[in-house]
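Asks: From the sequence below, what's the structure:
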Amino acid sequence: MNRILIAEDEERIASFVQKGLRANGFTTVVAEDGDLALGHALTGGFDLMVLDIGLPGRDGFTVLREMREARVTLPVIVLTARDSVRDTVAGLEGGADDWMTKPFRFEELLARVRLRQRTAARAPEVTMLRSGSLALDLRTRRARAGDRTVDLTAREFVLLEMFLRHPGQVLSREQILSHVWGYDFDPGSNIVDVYVRALRRKLGAERLETIRGMGYRLP
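Replies: Residues are numbered from 1 along each chain as shown. Take a look at the predicted model:
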């Protein structure tokens, strides 16, 4: 667990948390509003989220609810100025793994992050992803479509893994670009469409659906 998403709109707090986590060996990305935070969370590219409730756009409660509705299991530590019992209970029952109030000491936040890290390390390792007759072996990096074994390029593997981790969920081109090619890739590129066509040729055209105006989905 090394890649942490910080959903925080106050630049001073976001910078403080980011610097502290990076100094302790974590890779961090800051999302300044709820819409951006949700988009990052849905990519499957993070190991933990530090989530503020009072975000512009979607607030933290909405981000959390939509993540869990999309079956995103990303661990979430809420870091917020809201300290009422009602808010705390709503957050924990809504899918948060932990709740911290501001002001806070970084040492305590770091201890809670490391606790989530240890908890994740005890979980059994997933080595095979499946959806119907489609399977992806995360060790050999090969796919099986029915009774056929399919060799994949490095990018095809990451793309297929993303679809298999989010079955039934529509993934936008922007989400796919961000996860597979990185945040600085040209958003006007058609590279996503090219790779989706390549996967369809290898796995079968029916494997990936085009949702017009939205993106792609593994049915």
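
Asks: OK, contacts around Asp52?
Replies: Neighbouring residues of Asp52 by CB atoms under 8 Å, 6 or more residues apart in numbering: Ala7, Glu8, Asp9, Glu10, Ile13, Gly60, Val78, Leu79, Thr80. (C-beta placed from N, C-alpha, C; glycine too.)

Asks: OK, contacts around Glu108?
Replies: Met100.

Asks: That one is in what secondary structure piece?
Replies: For Glu108, the enclosing helix or strand under DSSP states H and E is helix 106-122.

Asks: what comes up buried for that helix?
Replies: Going by neighbour count (16 or more other CB atoms under 10 Å), the buried part of helix 106-122 is Leu109, Leu110, Arg112, Val113, Arg116, Gln117.

Asks: Following the chain onward from that helix, which element is next?
Replies: strand 128-131.

Asks: Direction included, what does that next one pair against?
Replies: Looking at strand 128-131 with DSSP bridges, its partner strands are strand 134-137 (antiparallel).

Asks: can you pull the buried residues of the partner strand?
Replies: Leu134, Ala135, Leu136.

Asks: Relative to Ala145, which of the residues you listed is nearest.
Replies: Leu134 (5.7 Å; CB to CB).

Asks: Apart from its neighbours in sequence, what residue is nearest the closest one?
Replies: Spatially, and ignoring its direct neighbours in sequence, Leu134 is nearest to Ala145 (5.7 Å; CB to CB, 6 or more residues apart in numbering).

Asks: My guess is that neighbour contacts Arg207. True?
Replies: Yes: with contact defined as CB atoms under 8 Å, Ala145 counts as touching Arg207 (7.2 Å).

Asks: of these two, who's got more company?
Replies: Arg207 (20 against 16; other CB atoms under 10 Å).

Asks: Relative to Asp151, how far out is that one?
Replies: 16 Å (CB to CB, to the nearest Å).
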